[in-house]
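Q: Provided below are the primary sequence and the corresponding predicted coordinates.
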Amino acid sequence: MSTSNLYVHLRQAFPADLDATAVEVINGPSAGLRYSWRDLDRASAMMANLLASLELPGGARVAVQVEKSVESLILYLATLRAGLVYLPLNTAYQRAEIEYFIRDAEPAVVVCSPQNHGWVSKIAFSCGTRYVYTLGDDRSGSLLDRAAHHRDAHEPVVRAADDLAVIIYTSGTTGRSKGAMLTHGNMLSNARMLQRYWDWKPHDVLIHALPIFHVHGLFVAIHGALINGSPMLWLNRFDARQVVALLPRATVFMGVPTLYVRMLAEPALTPAQAAHMRLFISGSAPLLIETFRDWQQRTGHTILERYGMSETIMLTSNPCLPDARHGDAAERRGGTVGFPLPGVDLRIVDDAGHPVPVGEIGGIQVRGPNVFKGYWRMPEKTAEEFTADGFFRTGDVGRLDADGYVTIVGRSKDLIISGGYNVYPAEIEGFINEMPGVAESAVVGVPHPDFGEVGVALVIAKPGAQVDAGQVIAALKGQLANFKIPKHCRIVPELPRNAMGKVQKNLLREEYRHLLV
Ligand code: MCA
Ligand code: AMP
């Protein structure tokens, strides 16, 4: 029977020699281990059989907050095989954040790190989760113990293209995170198209150094390698020196701009060291033109920048090869995110929703087989984000030039992107405003040499109250994921406001833009 189960399509791309290396682990507790294609297939079958034995209803969620490891990749593949819905969670999320996700998504299964089992299982069981397993990055934990009792062959469950495969939570503008529902069809169409557009070759080898709880590391990188039958050099944690040392053994690297900035600081990065590489890809946050140029100069390679979202996977890309639609002259242009990918309709509109002339700035809207199904249990929010003719409002602001290149010039959503992670000021402000003595706060993004952009908190104290900036930061730690904590806090007498009384964050961003650079 024909199926759109993504695993089936990834599995079909495995090379004929199943004993060849699929993943070689470079760092972490399993450094030095090699996993063959057969290992991935058999181990994911065992886990899928464990999940099947739970006899969960269709559409049941498997929420996962574990350190990166090959076993966590295998768990993702097993969830696809079993036809269940995978819900990855950033390891930096703290108790309140995890509680929100579990309450909202009501997963039937939660997999957490052994050291977090106490508090995570308490939250999970109180929210009605039936099964909590542990998985450590050193191949420990109850998930592997249980899976070991199951058969290593498993027939993937038949899924339709429109069936849900993954829920990815994105922070909400109002502070409430939304679960973006992605289908098997969304992911398969995007993976296949990127395989062609980025001209994946039979001999390609990917350096995988990103976390695997977001779209970049989980879908763009892993699907990219697997659907091409390409092996991965696998780093549990990004390490600039190790990645530079690996370049002669690899051909493709994907990173957020911070990774490129850190690699540029490595003296060993030279044209000779990078000579074996075919493609360097950057995304998730704006790549500074200086980084783009420095990279060209230091390695002889031109970084390919692309643009995407959790709700849409990849949307635009600079060309890898000359793009037939744009002529042989098409080049990778720094400061742009390239062309809409084949199959993606992209338009730039004004506030009234009318397309703007070429070169003018407006809101970016998109439509295509890669665009998600909607926000989990938020039909109204979903309806608001789509136009009558089916375009998704990205919340990004940009322009299209006469050659067809898209440039992102800003965001209408109040979002900070720090080292490739999204931070919504409203969420942080909500926590600060609850603190004793605080009247009001504003969090804005300012340039940062390592993370590109970071949050800065401006806080107004209540009349007569004493608020200490250091204590505001200290109080946020432990409540929020570490990357969301503002890097600087200042107590201020007032905040600039417009005639409506709304805080003018653009003025604050301007005032503090040189604070950390
Ligand atoms: C770590 N810290 C950060 C960040 N990461 N602060 C701000 N922003 C960050 N991104 C802080 C920690 O809070 C800690 O502070 C200190 O830095 C050291 O933490 P550590 O964990 O050791 O940092 P690291 O290991 O050096 O991590 C930096 C990193 C990581 C490697 C750049 O942030 C990373 O892997 N980023 C990639 C994110 C990603 O994959 N995004 C893709 C999203 P303290 O000591 O004060 O506690 S998918 C997406 O956006 C879309 C769809 C797309 O287009 O791809
Ligand atoms: P996420 O919610 O994690 O999926 O983040 C998606 C957002 O990241 C997009 O809406 C953009 O604002 C931003 N983004 C992704 N890639 C790029 C890029 N190459 N340049 C600028 N912003 C980007």
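A: Nice, thanks for sending it over. Numbering: from 1, shown residues only. Ligands and ions are numbered 1, 2, ... in the order given.
Q: for the stretch 401-517 of the chain, what spans make up the helices?
A: Ranges of helices in the stretch 401-517 of the chain, per DSSP state H, counting those that start in this stretch, are 425-433, 469-476, 505-511.
Q: and the residue of the stretch 351-500 of the chain closest to ligand 1?
A: Gly419 (2.4 Å; Cβ to the nearest ligand atom). Where you see a C-beta, it was placed from the backbone N, CA and C, and this is true even at glycine.
Q: correct me if wrong: Pro493 contacts Ile460.
A: Yes - between Pro493 and Ile460 there is a contact at 7.1 Å, judged by Cβ atoms under 8 Å.
Q: those two: who's more crowded?
A: Neighbours were counted for Pro493 and for Ile460 using other Cβ atoms under 10 Å; Ile460 has more, 18 against 6.
Q: got a list of what that one touches?
A: Taking Cβ atoms under 8 Å, 6 or more residues apart in numbering, we find Ile460 in contact with 438-441, 491-495.
Q: low pLDDT regions in the protein?
A: 1, 172-175, 323-324, 327-329 (pLDDT under 70).
Q: how about a cut-off of 80?
A: 1, 171-176, 322-330 (pLDDT under 80).
Q: how many residues are close by Arg237?
A: 13.
Q: isn't it up against Asn27?
A: Yes - counting by Cβ under 8 Å, Asn27 is a contact partner of Arg237 at 6.1 Å.
Q: relative to ligand 2, how far out is the closest residue to Leu50 other than its chain neighbours?
A: Counting by Cβ to Cβ, 6 or more residues apart in numbering, Leu50 lies nearest to Ala147, which is 4.6 Å off, once chain neighbours are set aside. To ligand 2, Ala147 is 30 Å away according to Cβ to the nearest ligand atom, to the nearest Å.
Q: in the stretch 1-150 of the chain, which residue sits closest to ligand 2?
A: Counting by Cβ to the nearest ligand atom, the stretch 1-150 of the chain gets nearest to ligand 2 through Asn90 (10.4 Å).
Q: okay, now that residue: neighbour count?
A: By other Cβ under 10 Å, neighbour count at Asn90 equals 18.
Q: identify the residue nearest it in space, chain neighbours excluded?
A: Closest to Asn90 by Cβ to Cβ, 6+ apart is Phe213, at 5.1 Å.
Q: phi and psi next, for the residue most central in space within the chain.
A: For the chain, the residue nearest the mean C-alpha position is His214 (2.9 Å; Cα atoms, centre = their mean). The phi and psi values for His214, taken as degrees, to the nearest 10, are phi -130, psi 170.
Q: contacts only, for it.
A: Contacts of His214 (Cβ under 8 Å, 6+ apart): 88, 90, 168, 284, 310, 420-421.
Q: just Pro231 next, same as before
A: 20-24, 205-206, 225.
Q: what's the separation between it and ligand 2?
A: When Pro231 is compared with ligand 2 (using Cβ to the nearest ligand atom), they lie 26 Å apart.
Q: use 40 as the first number from now on
A: Done: numbering now begins at 40, and the last item shifts to Pro270.
Q: quick check: Gly458 touching Thr297?
A: Yes - using Cβ under 8 Å, Gly458 is in contact with Thr297, at 4.4 Å.
Q: now do the shared contacts for those two.
A: With Cβ under 8 Å, 6+ apart as the test, Gly458 and Thr297 both reach 324, 489-491.
Q: mind picking the two most distant members of the residues you listed?
A: Ala324 and Asp489 (12.0 Å; Cβ to Cβ).
Q: overlap of the contact sets of these two?
A: 297, 458.
Q: and the longest helix along the chain, what does it pack onto?
A: The helix that spans the most residues within the chain, counting by DSSP state H, is helix 76-92. In terms of contacts (3 or more Cβ pairs under 8 Å, 6 or more residues apart in numbering; DSSP states H and E), helix 76-92 is packed against strand 60-64, helix 109-120, helix 181-186.
Q: check contacts around Val542.
A: By Cβ under 8 Å, 6+ apart, the contact set of Val542 is 481, 534-536.
Q: give me that answer again for 10 Å
A: Val542 makes contacts with 468, 479-481, 483, 497, 533-536, as judged by Cβ atoms under 10 Å, 6 or more residues apart in numbering.
Q: ditto for Asp384
A: So Asp384 contacts 404-407, 410, 428-430 (Cβ under 10 Å, 6+ apart).
Q: nearest to ligand 2, of those residues?
A: Nearest member of the contacts of Asp384 to ligand 2, counting by Cβ to the nearest ligand atom, is Val405, at 10.3 Å.
Q: so the closest one belongs to a helix, correct?
A: No - membership of Val405 in a helix is not supported by DSSP: H, G, I helix; E, B strand; the rest coil, which gives strand.
Q: would you check that it makes contact with Gly434?
A: No - Val405 is beyond contact range of Gly434, at 11.1 Å (criterion: Cβ atoms under 10 Å).
Q: more neighbours: those two, which one.
A: The neighbour comparison of Val405 against Gly434 (other Cβ under 10 Å) goes to Val405, with 25 against 16.
Q: find the helix or strand that Trp334 is a member of.
A: helix 328-338 (DSSP states H and E).
Q: need the contact partners of that helix.
A: Contacts of helix 328-338 (Cβ under 10 Å, 6+ apart): 283, 286, 296-297, 299-300, 302-303, 305, 308-314, 316, 319, 321, 326-327, 340-342, 344, 371-374, 491.
Q: among those, which ones are in strands?
A: Taking DSSP state E as the definition of strands, these contribute 319, 321, 344, 491.
Q: closest one to Thr421 out of those, please.
A: Taking the ones in strands among the contacts of helix 328-338 together and measuring to Thr421 by Cβ to Cβ, the closest member is Glu344, at 29.0 Å.
Q: so what's the residue of the stretch 140-289 of the chain found nearest ligand 2 bridging to?
A: Of all residues in the stretch 140-289 of the chain, Thr209 sits closest to ligand 2, at 4.2 Å by Cβ to the nearest ligand atom. Beta-bridge partners for Thr209, by DSSP bridges, are Lys217.
Q: show me what contacts it?
A: 216-219, 253-254, 348-350, 414, 452, 454, 461, 463.
Q: near ligand 2, which of these show up?
A: Taking Cβ under 6 Å from any ligand atom as the test, ligand 2 is in contact with 253-254, 348-349, 461 out of those.
Q: need these in a markdown table (columns: distance to ligand 1).
A: Below are the ones next to ligand 2 among the contacts of Thr209 laid out as a markdown table (distance: Cβ to the nearest ligand atom, whole Å):
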| residue | distance to ligand 1 |
| --- | --- |
| His253 | 4 |
| Val254 | 4 |
| Met348 | 5 |
| Ser349 | 5 |
| Asn461 | 7 |
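Q: neighbour-wise, which of those leads?
A: Neighbour max across the ones next to ligand 2 among the contacts of Thr209 (other Cβ under 10 Å) = Val254, 27 neighbours.
Q: residue contacts, that one?
A: Taking Cβ under 10 Å, 6+ apart, we find Val254 in contact with 127, 205, 207, 209, 219, 221, 226, 229, 260, 262, 322-323, 347-353.
Q: which among those end up buried?
A: 127, 205, 207, 209, 219, 221, 226, 229, 260, 262, 322-323, 347-353 (16 or more other Cβ atoms under 10 Å).
Q: distance of the residue nearest to Arg536 when sequence neighbours are not counted relative to Ile352?
A: Of all residues not flanking Arg536 in the chain, Val542 sits nearest, at 5.9 Å (Cβ to Cβ, 6+ apart). Val542 sits 34 Å away from Ile352, going by Cβ to Cβ, to the nearest Å.
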